[in-house]
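Q: Output the structure for:
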Amino acid sequence: MTGVSYFDAASSAPLHPVARQALHASLDEGWADPARLYREGRRARLLLDAAREAAAEAIGCRPDELVFTTSGTRAVHTGIAGALAGRHRVGRHLIVSAVEHSSVLHSAEAHRHAGGTVSEVPVLRTGAVSPAAYADALRPDTALACLQSANHEVGTRQPVAAVAEACRGAGVPLLVDAAQSLAWGPVEGGWSLLTGSAHKWGGPAGVGVLAVRKGVRYAPQGPADERESGRSPGFENIPAVVAAAASLRAVRAEAAAESVRLRELTDRIRARVPELVPDVEVVGDPVDRLPHLLTFSCLYVDGETLLHELDREGFSVSSGSSCTSSTLTPSHVLKAMGVLSEGNVRVSLPLGTPAEEVERFLAVLPRTVAAVREKLGAPAAAVAPAPAASPTSPASDELVVDALGRRCPIPVIELAKVITDVPIGGTVRVLSDDEAARLDIPAWCEMRNQEYVGEEPAPRGTAYVIRRTTP
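A: Take a look at the predicted model:
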């Protein structure tokens, strides 16, 4: 291993040098209670007010519309709960997209358990919602709609402005989770509430932002607290808040140039990975996306094993593959998009990533994927198309593959091994109890030009039926 390359900025960006400087500088001045009138309190208040003004300017709101929370997740939970409570007389209907961050979906589930109703708007294969679908989901009893500014797993930007316009026409506030996009610029459109998280843009962890536009009906939940307009209880962590605001301003100053440079690097990865690695699907919108983030999925690869092997080679990447989750269920984002989930790799480049690190990644990836496939017993079809079956060779019209109790990507590997054992027009029935198979088998069929017939109930698990249509 010649070096270590951190390619997971979408999870948490490295602390920006400006954040570190601001944090250290404000430790000596920002320790006192900003609500007090003595000298130390006034100094702390000046730091807090300056940080709020800087963050509000970057976000595009008034300082008195912005509060600091203890995390981006807390900002989401607080914002959704307050907006729903403020509009409870209108109704208890909440709209979310199918690819929202888990913090939004957890809030939606809590709302459902409390007796509310939730509509989940589907997405296109690119991961983007249709504004028309959001408009169709609006009802007279809709209290709130939620939409991320850009997806955290595949980078696709959402049509926030168009959705906000539809919501405004219906008199419904729109909450935007802007955690992934705030480093690159303010969110355009008439949003009503907005949330973000400092560690996503190079600030310290433990600082979130919640903006609530004037005129939005909002009722803070929980015990009353006099701090942060009653919307975020507890003593403010002023040094961290100052560092968060300073780093947001700093990354914005670099955003224009870095956006162009990092997009060139991610475009290079998007173009070359399918050339270097057989049976790869690059997912997400190829154009309307964040500049630093891309995701691809590799057939016949265990995502967790691939991440470990890339880590051994010095690359820190993330994955939405089911095998990286203790629940063994596919990423809800990839599932909603209807794309391959196995062998999933998310690359998100921090500011300043050198082109040489990307080239080294492209050199290491092919042999790493090949080694994982070999270890899992992947078929030759993972390297080259399998030869057509001989007309004289015996072949059954239907084969059954028992993959019960076996996790991703084994069901797909076993399918690939036997598909040429049936004649053109013959079928393979794969028995699987792995939830990922419901997504990955249809995705395999699309990638290998075979026909996915559908799924059928089975005594155990599910039977997935595939018809061979090509050699």
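Q: shaky segments in the chain?
A: For the chain, residues meeting the criterion pLDDT under 70 lie at 1-2, 321-329, 380-396.
Q: Report the residue ranges of every domain in it.
A: 17-251, 257-377, 382-467 (automatic domain parsing).
Q: How many residues are close by residue 122?
A: Close neighbours of residue 122, defined as other CB atoms under 10 Å, add up to 13. (C-beta placed from N, C-alpha, C; glycine too.)
Q: Check the gap between it and residue 333 for me.
A: To residue 333, residue 122 is 12 Å away according to CB to CB, to the nearest Å.
Q: Kindly report the same for residue 311.
A: As judged by CB to CB, residue 311 and residue 333 stand 22 Å apart.
Q: of those two, who's got more company?
A: Higher neighbour count among residue 311 and residue 333: residue 333, with 27 against 13, using other CB under 10 Å.
Q: The more buried one sits in which helix or strand?
A: helix 332-337 (DSSP states H and E).
Q: Could you list the alpha-carbon positions for the next helix or strand after that helix in PDB?
A: Using DSSP H and E, the helix or strand that follows helix 332-337 in sequence is strand 344-348. Output of strand 344-348 as PDB, limited to C-alpha atoms (Å, rounded to 0.1, in the frame of the first residue of the first chain):
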ATOM      1  CA  ASN A 344     -22.000  -1.300  -4.800                       C
ATOM      2  CA  VAL A 345     -19.200   1.300  -4.400                       C
ATOM      3  CA  ARG A 346     -19.800   5.000  -3.600                       C
ATOM      4  CA  VAL A 347     -16.900   7.300  -4.300                       C
ATOM      5  CA  SER A 348     -17.200  10.800  -2.900                       C
END
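Q: What are the contacting residues of strand 344-348?
A: Under the contact criterion CB atoms under 8 Å, 6 or more residues apart in numbering, strand 344-348 has outside partners 7-11, 153-155, 266, 269, 292-298, 303, 306-307, 310, 317-321, 331, 334, 361.
Q: do the same with stretch 21-36
A: Under the criterion CB under 8 Å, 6+ apart, residues 38, 40-45, 47-48, 204, 226-227, 235-236, 238-240, 242-243, 245-247 lie in contact with stretch 21-36.
Q: So for stretch 253-261, what gets flagged as buried?
A: Under the neighbour-count criterion of 16 or more other CB atoms under 10 Å, stretch 253-261 has 254-255, 258-259, 261 buried.
Q: Repeat that for stretch 20-32.
A: For stretch 20-32, by 16+ other CB under 10 Å, it's 22-23, 26, 30, 32.
Q: and which of those residues is nearest residue 174?
A: Of all the buried residues of stretch 20-32, residue 22 has the smallest distance to residue 174: 31.7 Å, by CB to CB.
Q: Spatially, what comes nearest to the closest one if we skip its sequence neighbours?
A: Counting by CB to CB, 6 or more residues apart in numbering, residue 22 lies nearest to residue 246, which is 3.8 Å off, once chain neighbours are set aside.
Q: what's the angle from the strand or helix carrying the one you found to strand 344-348?
A: Residue 246 is part of helix 238-276 when elements are defined by DSSP H and E. Angle, helix 238-276 to strand 344-348, by axes from the mean of the first three to the mean of the last three CA atoms, to 10 degrees: 130 degrees.
Q: Just list what helix 238-276 packs against, helices and strands only.
A: In terms of contacts (3 or more CB pairs under 8 Å, 6 or more residues apart in numbering; DSSP states H and E), helix 238-276 is packed against helix 17-27, helix 39-59, strand 280-283, strand 293-298, helix 355-376.
Q: Redo these as JSON lines? Include distance to residue 221.
A: Converted to JSON lines, the helices and strands packed on helix 238-276 look like this (distance: least, CB to CB, whole Å):
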{"stretch": "helix 17-27", "distance to residue 221": "30"}
{"stretch": "helix 39-59", "distance to residue 221": "22"}
{"stretch": "strand 280-283", "distance to residue 221": "37"}
{"stretch": "strand 293-298", "distance to residue 221": "33"}
{"stretch": "helix 355-376", "distance to residue 221": "45"}
